[in-house]
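*Asks:* quick one, structure for this:
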Amino acid sequence: MEVDLSSALLGQFKKARKEYEIAKREKKEAVARRKALECAKLLREMAKYNRYNEKMYLEMAKKWELVADNIGGILNPSKVLKSKTSPYKSQEIQEDVEKEIDKFKEFVKNNLIQRSKIKWEDIGGLKEVKQLMMETVVISALQRPTSIQPWRGILLFGPPGTGKTLLASACAGSLDATFFNVKASSVTSKYFGESSKIISALYEVARELHPSIVFIDEIDALTTKRSEGVSEASRRMLSTLLTELDGFQDKGSDKLILTLAATNTPWDLDEAVLSRFPRRIYIPLPDKEASKEIIKINTRGLQLDVKLDEIAERCVERYYSGRDIRNLCQGAIWNMIRDVNRDLYKMANLSYRELRKRKLKIRPLTEEDFQEAFKKIKSPLTKKDIERYERWCEEFGG
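*Replies:* The predicted structure is shown next:
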């Protein structure tokens, strides 16, 4: 499979070039020559992985080989004759490549980075899942023997609305890490056909701003099973993603780059993608205790005059997700607000300053508030759907 590694390798090329410039400035000829040859080697590797720019990279590689040969006044005339590209032209090509990469890095910084304030205590239930993810995050940061390696990729799968995004946000929020929230639409829509470059830029920025949590939501939209109908651009994007998930550039590095991916349809994922996520965690619908926790979190600051156990049981019976329970609580709260603030809409003509002088009336939430909310919240899930997730978990989870 063809993989576009040019963006990833460019980072190594820049590093080698900088080291060459330092060695040249310090008149360390042996080091400078070695670094010039390293630049040439990296450019030839880039040519292998990018047919479109192959000629350009090879011309740049020749230039660096000439530079290496000319260090210390030694020049190989045969190579000079073979080179058809002037140093100035090579420099222009190199600058154009770097400008393009910088364009995609700027897109990543402006569109995919979020500051997460979510903490573990903001998530109801999921105790075992949270503990596992906490351990992964902690081990990633601790000093440890090289043989102890934390998970680099974790796949979160389960029904919609069960807290997968919240878990990723809590990982970043607890570490104060850079949080990259990546959706399929943000990768594929703006620069059609150049998704692979966005993926490469994403991980290059993640390395620059580490510790980083890269959260890929609905990863199935990016990585569905390959078939004859898949476009070349999609294949290239998938290949680049797989390479980044392998940690090609991060071997031996202590930088924390943790990729969390979420999917509601794990059975649609490409087999190669699954292999890059050795840790696959099922995020189920909340049980009774988790439902109670979620209700408490979403009614903070309000009194509950209800039988919480009974409401939680009804949530479980109706196959409610965490999102459904949050919406249920919001529905109950709005029922209460309308009941004790019947003329609320009449204040719409008041200025913001006037409204700030007044206070919203509230009362404890009652069974009747929740009864009305239950009528409006319908789960799309069935017992058959849940059984499918459980079967997939038994076969592929771990």
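*Asks:* which residues sit in contact with Ala201?
*Replies:* Going by CB atoms under 8 Å, 6 or more residues apart in numbering, Ala201 touches Ser7, Ile101, Phe104, Lys105, Phe107, Val108. Where C-beta positions appear, they are placed from N, C-alpha and C, glycine not excepted.
*Asks:* sorry, wrong one. I was asking about Ile139.
*Replies:* Ile148, Pro150.
*Asks:* part of a strand, is it?
*Replies:* No. Counting by DSSP: H, G, I helix; E, B strand; the rest coil, one finds Ile139 to be helix, located in no strand.
*Asks:* could I get the full set of helices for the stretch 101-250 of the chain?
*Replies:* Per DSSP state H, counting those that start in this stretch, the stretch 101-250 of the chain carries helices over the ranges 127-141, 164-175, 184-188, 195-208, 232-245.
*Asks:* can you list the domains in this structure?
*Replies:* Domain assignment for the chain by automatic domain parsing gives 6-98, 113-282, 288-380.
*Asks:* CA atoms of stretch 266-279 as CSV?
*Replies:* Backbone C-alpha positions of stretch 266-279 (Å, rounded to 0.1, in the frame of the first residue of the first chain) are rendered in CSV as follows:
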residue,chain,number,x,y,z
PRO,A,266,-16.6,-1.2,15.4
TRP,A,267,-17.5,-4.0,13.0
ASP,A,268,-17.0,-1.5,10.1
LEU,A,269,-13.3,-0.8,10.9
ASP,A,270,-10.5,-1.8,8.7
GLU,A,271,-8.5,-4.8,10.1
ALA,A,272,-5.3,-2.8,9.9
VAL,A,273,-6.8,0.0,12.0
LEU,A,274,-7.9,-2.5,14.7
SER,A,275,-4.3,-3.9,14.9
ARG,A,276,-3.1,-0.3,15.8
PHE,A,277,-5.4,-0.2,18.8
PRO,A,278,-4.4,-3.2,20.9
ARG,A,279,-6.5,-1.8,23.8
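*Asks:* tell me the average confidence for it?
*Replies:* Stretch 266-279 shows a mean pLDDT of 88.
*Asks:* then stretch 119-129?
*Replies:* Mean pLDDT, stretch 119-129: 86.
*Asks:* what about the strands in the stretch 1-150 of the chain?
*Replies:* Assigned by DSSP state E, counting those that start in this stretch, the strands in the stretch 1-150 of the chain fall at 113-114.
*Asks:* okay, and for it, where does confidence drop off?
*Replies:* Scanning the stretch 1-150 of the chain for pLDDT under 70 picks out 1-8, 50-53, 72-98, 100.
*Asks:* tell me which residues of stretch 44-60 come out buried.
*Replies:* For stretch 44-60, the neighbour count (16 or more other CB atoms under 10 Å) marks Arg44, Glu45, Met46, Ala47, Tyr49, Asn50, Asn53, Met56, Tyr57, Leu58, Glu59, Met60 as buried.
*Asks:* just give me the closest of these to Glu26.
*Replies:* Nearest to Glu26 among the buried residues of stretch 44-60, counting by CB to CB, is Met60 at 24.2 Å.
*Asks:* right, and that closest one touches Leu43 too?
*Replies:* Yes. Between Met60 and Leu43 there is a contact under CB atoms under 8 Å: 4.9 Å.
*Asks:* how far away is the closest residue in space to Glu54 that isn't next to it in sequence from Arg17?
*Replies:* Excluding the flanking residues, the one nearest Glu54 by CB to CB, 6 or more residues apart in numbering is Ala47, at 4.6 Å. Relative to Arg17, Ala47 is positioned 17 Å away (CB to CB, to the nearest Å).
*Asks:* ok, now Lys62?
*Replies:* 15 Å.
*Asks:* now swap in Ile333 and tell me
*Replies:* Per CB to CB, Ile333 is found 59 Å from Arg17.
*Asks:* next, count neighbours for Ile123.
*Replies:* Using other CB atoms under 10 Å, Ile123 has 21 other residues around it.
*Asks:* who's in contact with it?
*Replies:* Going by CB under 8 Å, 6+ apart, the list of residues near Ile123 reads Lys130, Gly163, Leu166, Leu167, Ala170.
*Asks:* may I ask which of those has the most neighbours?
*Replies:* Compared across the contacts of Ile123, Gly163 has the highest neighbour count, 27 neighbours, by other CB under 10 Å.
*Asks:* any idea of the pLDDT on that one?
*Replies:* Gly163 is given a pLDDT of 88.
*Asks:* what's near enough to touch the closest residue in space to it that isn't next to it in sequence?
*Replies:* Spatial nearest neighbour of Gly163, chain neighbours left out: Gly322 (4.8 Å); criterion: CB to CB, 6+ apart. Applying CB under 8 Å, 6+ apart, we find Gly322 in contact with Gly124, Gly125, Gly161, Thr162, Gly163, Leu166, Pro286, Ala290, Ile294.
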